[in-house]
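>>> I would like to see how this sequence folds:
(2 chains)
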Amino acid sequence: MKSSPGWQRERLRAVVAVLVVIGVLLAGMVFSVTIGPWEIAPAKIGRIAIEMLFGSAAGSNDPATAIVWYGRIPRTLTGVLVGFALGCAGAIMQGIFKNPMASPGIIGTSSGAALGAVLAIYFGLAAGSLYMVPLFSVSVAFLSLLVVLGIATTGGLTSRYTLLLGGIAFNAIFTALTSVVIVLSTEQFEMARKVVSWLMGDLNNRSWEHVVIIAVIALVALLGSLLFARDLNIIMVSEEQARNFGVNVGLSRNFLLFFSALLTGGAIAVAGGIGFVGLIAPHMMRSFVGSDNRILLPSAGLLGAVMVVYADCLVRIVGSGGLRIGVLTALLGGPFFLYLIIRDRKKYVYF
Amino acid sequence: MSDHPIVHIRNLCYSIGPKPILHNINADFAAGQIHGIVGPNGAGKSTLMRTICRIWEANSGTIEIDGREQRQISRRDLSQLVTLVPQESRVDFSIRVFDFVAMGRHPHLHRLQWLQSHDLDIINQALAVTDTECFRDRYINQLSGGESQLVSIARALVTEAPIILLDEPTSALDIQHKLHIMELLSLLKQQGKTILMNIHDLDLARRHCDTLTMLRQGRLYYQGSAQQAFSSEHIREVFNVEIEESTTAHGISLLFYTS
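Numbers count the residues shown, from 1 in each chain, chains lettered A, B, ... in the order given. Now for the predicted structure:
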């Protein structure tokens, strides 16, 4: 039977890990809404949330209500959903590229999304509609994914080596183009300030509209990618084997790529450049819940949410304006990535 | 044993760009037998297998599987008829042997369906037949070459496909493991499976295969009984070496090759 002792132990570990992550996430969310120049007791925050949800406080003039309901709660929820999207996107990409080191930041998807968003801001489209930045960043992210994958694929096989090299090239190109846009925008100081601060990852002044955008994106992409999660389980072993077991590899892979671009582009559009979450969250969850993408995708999303929410808390407590979330995740994520490279360097000698 | 060809190939051509890999292949493989496919490196053996299970699409010609034109069969149905055991499965992720073998149930499950108790029975049976139950909880990338080959065969059994294609199942193994695999294939033959395998070891092929198919430079050179395949002329033509058979004092017949 499947319930051998080893398997049962493993399942128990997975359940405990997911429960712990959910608990830590909830604690982080509660902590996050209490942070701010105004001290508001958690009990009062809870009361405000309940009153606003059930409409009994409509029209209340208490400034605390505005701060909590229109400031801290949307900020926290945006952080949760952005982290979820990035963790989930990373898990999808690691599967498609058959490489536990793939992530939106490394193969050029994030910088593509950032370029798209910066373009939307520069051409003034962002001012017209809140939806233009996500639209642009998702489109450029998806395009860059298709091109990178096209370059790295010959005869139905994707070379990880070419993929990472292609990612380096695209990161350079997109970052350069983004710099061009920044330089061009410096004539308008306010816009340049906005672009630069946004690039570093920012959750200041996030509204309920932002929450709705990223919530819809995260939900659609998560449910969509779960439809293809079992296909992904075989694709990550070998595309040839996937075809052997009746998977329509082209279709499944393109859908999964689209969903991962949607998640990356959406997250970057509402929160700016937050790196390394997409690399680390799936990597860590994999060792607890295993490599079954039906479980890994949502679990990696949860850990990603934890990372962004706590990074945001830390930034507000110690950052005093200077530190940004993207800077913090890179400062912590960079060394972690180095650790992975050093730990696995023997394994990757041959590529 | 039946003489009805379960795989019936006519005028099969396959090329990558301008380079022809398979040229006008006509071959039949009877059900319930072990068929060896031999030929030098680059003769098109692996390509032939991959076109039979439609991992790669043939450019022209027809392949009939169990009386049906292969292209008329949906991918999902085809993968329940014919399955490939690749030479090597190198995976960068930690996947348990059990989950790896369970992948063979993929064509039988709906998109959102998880393994049912019926599927678990089939998986456990395949693990038992291949004698791999003892490492079901180990990681696939921790297995030795022989163990990993057995696990791949278990995965092929789990698809319940009557036709199993093996791409050089023994080439990376020591003699003991080679024999173990060949015994397993004979057992599967007794259970009614049709087996096609690429094989480099001619001695092993001669002993265990019912028929041999020889490929040379993408063309079919010989198809027929394994015993008759080993004339010195055939070997010279296909492999460009001389063959010499001798019998030891203990009555063991050995093949020797000289260039």
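
>>> center of the chain - which residue?
I'll assume chain A. residue A:86 (1.4 Å; CA atoms, centre = their mean).

>>> Chain B is the one I meant
residue B:166 (2.0 Å).

>>> Counting by contacts, list what the worst-scoring helix or strand of chain B on mean pLDDT packs against.
Ranked by mean pLDDT, DSSP states H and E, the helix or strand of chain B with the weakest confidence is strand B:253-258, at a mean of 78. For strand B:253-258, the elements it packs on are helix B:202-208, strand B:242-247, judged by 3 or more CB pairs under 8 Å, 6 or more residues apart in numbering or on different chains; DSSP states H and E. (Each C-beta comes from the backbone N, C-alpha and C, glycine too.)

>>> Let me see the contact set for the residue of the stretch 201-350 of chain A found nearest chain B.
Here the residue of the stretch 201-350 of chain A nearest chain B is residue A:246; by CB to the nearest CB that distance is 3.7 Å. Residues counted as contacts of residue A:246 (CB atoms under 8 Å, 6 or more residues apart in numbering or on different chains) are B:74-80, B:106-107.

>>> just residue A:34 next, same as before
A:40-42, A:45.

>>> can you redo these as TSV with neighbour count, secondary structure and distance to chain B?
Shown next, in TSV, are these (neighbours: other CB atoms under 10 Å in any protein chain shown; DSSP: H, G, I helix; E, B strand; the rest coil; distance: CB to the nearest CB, whole Å):
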residue	neighbour count	secondary structure	distance to chain B
A:40	18	coil	44
A:41	10	coil	45
A:42	11	helix	40
A:45	20	helix	39
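
>>> which of these are the two that sit furthest away from each other?
In the contacts of residue A:34, two members sit farther apart than any others by CB to CB. They are A:40 and A:42, at 8.0 Å.

>>> Close to chain A as well: tell me which of the contacts of residue A:246 qualify.
B:74-80, B:106-107 (CB under 8 Å from any CB of the partner chain).

>>> In ChimeraX, select just the buried ones from the residues you listed.
This is the ChimeraX syntax for the buried subset of the ones next to chain A among the contacts of residue A:246, where burial follows 16 or more other CB atoms under 10 Å in any protein chain shown:
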select /B:75,78,79,80,106,107
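
>>> what's the farthest-apart pair in the ones next to chain A among the contacts of residue A:246?
B:74 and B:106 (13.7 Å).

>>> Now do the buried residues in the helix or strand harbouring residue B:35.
Following DSSP states H and E, one finds residue B:35 within strand B:34-38. Neighbour counts using 16+ other CB under 10 Å place B:34-38 of strand B:34-38 among the buried residues.

>>> ok, residues contacting the next helix or strand after that strand?
Downstream of strand B:34-38, the next assigned helix or strand under DSSP H and E is helix B:45-52. Residues from elsewhere that reach helix B:45-52 (CB under 8 Å, 6+ apart): A:240, B:7, B:9, B:12, B:14, B:21-22, B:25, B:37-39, B:56-58, B:63, B:65, B:70, B:82, B:84, B:87, B:165, B:167-168, B:196, B:198, B:215.

>>> Helices along the stretch 151-300 of chain A, start to end?
A:160-185, A:189-199, A:208-227, A:229-235, A:239-244, A:249-271, A:277-289, A:293-318 (DSSP state H, counting those that start in this stretch).

>>> what separates the nearest residue to residue A:304 once chain neighbours are set aside from residue A:216, distance-wise?
Excluding its sequence neighbours, the residue lying closest to residue A:304 (CB to CB, 6 or more residues apart in numbering or on different chains) is residue A:87, at 2.3 Å. From residue A:87 across to residue A:216, the span is 18 Å (CB to CB, to the nearest Å).

>>> One more: residue B:145?
To residue A:216, residue B:145 is 49 Å away according to CB to CB.

>>> Do you know the pLDDT at residue 47?
The chain I'm using is chain A. On the pLDDT scale, residue A:47 is placed at 87.

>>> actually chain B
Residue B:47 is given a pLDDT of 94.

>>> so is the nearest residue to it once chain neighbours are set aside in a helix, a strand, or just coil?
Counting by CB to CB, 6+ apart, residue B:47 lies nearest to residue B:21, which is 4.8 Å off, once chain neighbours are set aside. Local secondary structure at residue B:21 is given as strand here, using DSSP: H, G, I helix; E, B strand; the rest coil.

>>> ok, residue B:21 - how many residues close by?
20 (other CB atoms under 10 Å in any protein chain shown).

>>> shouldn't it be in contact with residue B:12?
No - contact criterion CB atoms under 8 Å: residue B:21 and residue B:12 do not qualify, at 10.5 Å.

>>> which residues in the stretch 51-200 of chain B form strands?
Along the stretch 51-200 of chain B, counting by DSSP state E, counting those that start in this stretch, strands occupy B:60-65, B:68-69, B:82-85, B:163-166, B:194-198.

>>> Quick check: neighbours of the fourth one in the sheet, parallel or antiparallel?
Counting by DSSP bridges, the strands paired with strand B:163-166 are strand B:82-85 (parallel), strand B:194-198 (parallel).

>>> need these in JSON lines with mean neighbour count and mean pLDDT, can you?
What follows is the strands paired with strand B:163-166, written out as JSON lines (neighbours: other CB atoms under 10 Å in any protein chain shown; pLDDT from 0 to 100):
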{"stretch": "strand B:82-85", "mean neighbour count": "26", "mean pLDDT": "96"}
{"stretch": "strand B:194-198", "mean neighbour count": "25", "mean pLDDT": "96"}
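
>>> Save those as TSV, and put in distance to residue B:126 too.
As requested, the strands paired with strand B:163-166 are exported to TSV (distance: least, CB to CB, whole Å):
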stretch	distance to residue B:126
strand B:82-85	12
strand B:194-198	15
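
>>> How about the residues of chain B by chain A?
Applying CB under 8 Å from any CB, we find that chain B lies next to chain A at B:16, B:50, B:53-56, B:74-80, B:83-84, B:86, B:89, B:91-96, B:98-100, B:103-104, B:106-107, B:109, B:111-112, B:115, B:120, B:123-124, B:136-137, B:159.

>>> and of the contacts of residue A:246, the nearest to residue A:114?
For the contacts of residue A:246, the nearest to residue A:114 is residue B:106 (37.1 Å; CB to CB).

>>> how near is residue A:18 to residue A:313?
The gap separating residue A:18 from residue A:313 is 22 Å, by CB to CB.

>>> cool, and residue A:338?
Counting by CB to CB, the separation of residue A:338 from residue A:313 is 25 Å.

>>> before we move on, what about residue B:41?
Distance from residue B:41 to residue A:313, by CB to CB: 60 Å.

>>> The two: which is more packed in?
Looking at residue B:41 and residue A:313 with other CB under 10 Å, you find the greater number of neighbours at residue A:313, namely 21 against 7.

>>> Which residues are in contact with the one residue in the stretch 151-259 of chain B that gets nearest to chain A?
Residue nearest to chain A within the stretch 151-259 of chain B (CB to the nearest CB): residue B:159, separated by 7.0 Å. The contact partners of residue B:159, taken as CB under 8 Å, 6+ apart, are A:245, B:79-80, B:83, B:104-105, B:107-108.

>>> rerun at 10 Å
A:244-246, B:79-84, B:103-108, B:122, B:126 (CB atoms under 10 Å, 6 or more residues apart in numbering or on different chains).

>>> Same check on residue A:257?
Residue A:257 touches A:92-93, A:96-97, A:109, A:141-142, A:145-146, A:148-149, counting by CB under 10 Å, 6+ apart.

>>> What about those residues, which are in helices?
Of these, the ones assigned to helices by DSSP state H are A:92-93, A:96, A:109, A:141-142, A:145-146, A:148-149.

>>> follow-up on the earlier one: pick out whichever of residue A:87 and residue A:216 has more residues nearby.
More crowded of residue A:87 and residue A:216, by other CB under 10 Å: residue A:87, with 34 against 13.

>>> any idea which element that one lies in?
Per DSSP H and E: helix A:73-96 holds residue A:87.

>>> now the angle from that helix to helix A:208-227?
30 degrees (axes from the mean of the first three to the mean of the last three CA atoms, to 10 degrees).
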